[in-house]
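Below is the structure, and that's it, no one-letter string:
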């Protein structure tokens with residue numbers, strides 16, 4: 001009898017451990033550094049309390065907790081947050097434990113406690129009635145984990161900017177790169193230069209369709225707007241409450257048409273022509289004049305109003321895509337080249353960037369620039385944001401400069417996720433979720449010492465073809481999940497199969513239940529291809545929790561009244577014939593993936 005009891009007990013333990021292994025990721029994105037699953041569960045079917053220990057001021061975290069449906073700050077037991085600066089935890093790290101006594105989050109910083117709460121919130125969203133007993137120790141791989149938003153081409157209301165910040169916080173990103181000035185619009189109020197927004201904040205019309213289309217078409221509607229300094233303060237304060245730093249970008253010396261439309265005297269030449277904010281996309285020859293002192297006076301005045309609004313250590317000054325065409329024929333620029341004993345216009349750009357850097361350094365700030373700031377000589381203290389692939393980042397790291405990797409082939413979220421013609425209008429290019437996830441921000445070409453200069457990673461969202469918040473969501477989800485994981489999770493902990501089949505599916509399922517807009521991935525394992533054979537058995541997986549796969553074999557687009565996928569798609573094709581299999585994912589809310597076409601040939 002005793003042997004039977006022991007056997008049953010052992011089998012029960014094995015079953016519990018197997019279930020724990022199945023649920024090992026717990027739906028957490030990004031995957032933590034360490035998770036130990038234990039036997040048992042903590043009941044969260046009723047509201048639990050929150051208690052703060054060791055915090056001088058817990059108001060910020062308490063405000064966040066009040067927004068969570070499972071937290072009752074009036075109760076006396078359940079969740080404890082312990083701040084202990086002596087804990088041997090890495091920066092931004094935390095420990096989360098769940099036992100029969102309750103849930104404890106330990107950290108050495110408030111930021112670490114906040115990230116522990118994000119992990120807890122994700123677990124609660126996936127396991128809504130009970131949480132397995134567990135121990136998590138977690139900290140980020142990179143100090144800088146960013147997401148960018150261009151509001152120069154199209155701008156978005158403050159309410160959505162806050163939602164965007166919420167997206168970052170939930171996935172443990174800590175930097176919001178706010179691209180505020182462009183050829184197509186100047187979006188931040190500068191009180192000393194009011195025409196920057198009254199004139200430079202608006203364009204006459206906007207391009208319809210691709211830039212390369214002939215003939216070009218326009219919507220004939222005036223477009224524009226800007227953020228007041230009070231609105232900027234509101235956004236920065238909101239971001240700070242989510243432990244996110246806002247890095248502003250004020251473009252120079254290129255991408256300046258909107259500013260020149262307001263103050264044409266800042267362009268090259270004695271009597272510059274009038275300008276208009278651009279209503280097409282691309283790179284324009286008219287840039288800030290590098291030879292006129294009034295250009296630097298203007299930019300310093302602008303920065304003097306920008307700095308008090310943004311406490312960030314970094315100010316992004318652009319530095320990219322600056323044609324030298326006008327500088328080559330500008331008497332002021334040529335005089336500057338001779339006076340400063342510069343070799344050419346590339347060194348003139350380096351002079352421009354270094355002069356702005358010195359000004360900002362005196363104000364206690366550092367600059368970030370796109371990798372073109374390497375041309376002509378890198379400013380002494382500059383951090384390089386490598387966007388034209390990885391070469392710029394590698395070169396900067398070899399020069400002992402800090403680098404943030406943001407290469408277009410992997411991290412430009414304005415590119416479409418698939419090659420399907422059903423994808424919405426985008427700038428072009430193809431960056432699927434799998435490619436984002438595969439990216440390692442630390443290049444193999446660097447030595448271990450040089451690798452230390454790679455301080456972080458960022459994805460960018462340029463908005464030439466993104467006019468609405470809804471489309472932003474479509475372009476961001478689910479690729480922000482992959483960004484989060486490459487920014488936070490150790491390389492050895494990354495697992496594409498678990499990520500794509502389990503955790504992404506769970507998070508998209510949550511978004512679907514909330515009615516959010518996101519891009520629905522295609523059926524997992526379905527491919528646009530041609531297969532040769534007679535009898536086919538194709539096995540797919542659902543990429544969104546709660547969704548279903550539907551398919552046809554007659555070449556028609558599938559709907560939810562067609563074949564519903566169960567265990568496999570089985571098709572027999574007579575000799576000399578073919579069948580066109582089309583498959584699609586349809587979610588409970590009715591959202592659809594693009595259609596995948598697989599041609600089955602017996603020829």
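It's in. Since we're looking at a predicted model, the values are computed, not measured. Numbering: from 1, shown residues only.

Next one: the closest residue to residue 163 other than its chain neighbours from residue 218, what distance?
Residue nearest to residue 163 in three dimensions, not counting chain neighbours: residue 469, with 7.4 Å by C-beta to C-beta, 6 or more residues apart in numbering. All C-beta atoms are positioned from the backbone trio N, CA, C, and that covers glycine. To residue 218, residue 469 is 23 Å away according to C-beta to C-beta, to the nearest Å.

Neighbour count: those two, which is higher?
residue 469 (17 against 13; other C-beta atoms under 10 Å).

Let me know the pLDDT of that one.
Note for residue 469: predicted pLDDT of 98.

likewise residue 152?
Residue 152 is given a pLDDT of 98.

Shouldn't it be within a helix?
No: according to DSSP: H, G, I helix; E, B strand; the rest coil, residue 152 belongs to no helix; its state is coil.

What sits closest to it if chain neighbours are left out?
residue 182 (2.5 Å).

which stretches of this structure have low pLDDT?
Within the chain, the stretches with pLDDT under 70 are 1-25, 69, 71-77.

repeat that for 50
Within the chain, the segments meeting pLDDT under 50 span 1-22.

spatially speaking, which residue is in the middle of it?
Taking C-alpha atoms, centre = their mean, the centroid of the chain lies closest to residue 147, which sits 3.6 Å from it.

Quick check: end-to-end length of stretch 187-194?
Chord length of stretch 187-194, first to last residue, is 12 Å (C-alpha to C-alpha, to the nearest Å).

one step back: mind checking which helix or strand the residue nearest to the centre of the chain is in?
For residue 147, the host element (DSSP states H and E) is strand 144-150.

could you point out which element follows that strand?
Moving toward the C-terminus from strand 144-150, the next helix or strand (DSSP H and E) is helix 158-170.

Quick check: next helix or strand after that following helix?
In N-to-C order, the element after helix 158-170 by DSSP H and E is strand 175-179.

Does anything pack onto that next one? Which helices or strands?
strand 144-150, helix 158-170, strand 245-252, strand 454-459 (3 or more C-beta pairs under 8 Å, 6 or more residues apart in numbering; DSSP states H and E).

and the angle from the longest one to strand 175-179?
Which is helix 158-170. Relative orientation of helix 158-170 versus strand 175-179 (axes from the mean of the first three to the mean of the last three C-alpha atoms, to 10 degrees): 150 degrees.

can you give me how far helix 158-170 is from the chain middle?
11 Å (C-alpha atoms, centre = their mean, to the nearest Å).

give me the number of residues near the nearest residue to residue 151 once chain neighbours are set aside?
With sequence-adjacent residues excluded and distances taken as C-beta to C-beta, 6+ apart, residue 151 is closest to residue 187, at 5.0 Å. Counted by other C-beta under 10 Å, the residues lying close to residue 187 total 25.

My guess is the residue nearest to residue 152 contacts residue 255. True?
Yes: counting by C-beta atoms under 8 Å, residue 255 is a contact partner of residue 182 at 5.5 Å.

Quickly list what's touching both of those two.
residue 152 (C-beta atoms under 8 Å, 6 or more residues apart in numbering).

mind listing what residue 111 touches?
Under the criterion of C-beta under 8 Å, 6+ apart, the neighbours of residue 111 are 92, 174, 243.

got the residue ranges for the helices in the stretch 451-600 of the chain?
469-476, 479-488, 496-498, 504-514 (DSSP state H, counting those that start in this stretch).

What of the stretch 101-250 of the chain?
Using DSSP H, counting those that start in this stretch, helices in the stretch 101-250 of the chain cover 110-126, 158-170, 195-198, 229-241.

Can you name every helix or strand that the third one contacts?
Applying 3+ C-beta pairs under 8 Å, 6+ apart, one finds that helix 195-198 makes contact with helix 257-262.

So what's the gap between the helix or strand that the helix it packs on is followed by and the chain middle?
Moving toward the C-terminus from helix 257-262, the next helix or strand (DSSP H and E) is helix 293-306. Centroid separation for helix 293-306 versus its chain: 30 Å, with C-alpha atoms, centre = their mean.

Which positions within helix 293-306 qualify as buried?
Buried residues in helix 293-306, counted by 16 or more other C-beta atoms under 10 Å: 295, 296, 298, 299, 302, 303, 306.

and if you look at stretch 324-343?
Quick answer for stretch 324-343 (16+ other C-beta under 10 Å): 324, 326, 327, 330, 332, 333, 336, 337, 342.

Then stretch 311-327?
Here stretch 311-327 shows 312, 314-322, 324, 326-327 as buried, counting by 16+ other C-beta under 10 Å.

Stretch 426-444 too?
Buried-residue list, stretch 426-444, by 16+ other C-beta under 10 Å: 426, 427, 431, 432, 433, 435, 436, 437, 439, 441, 442, 443.
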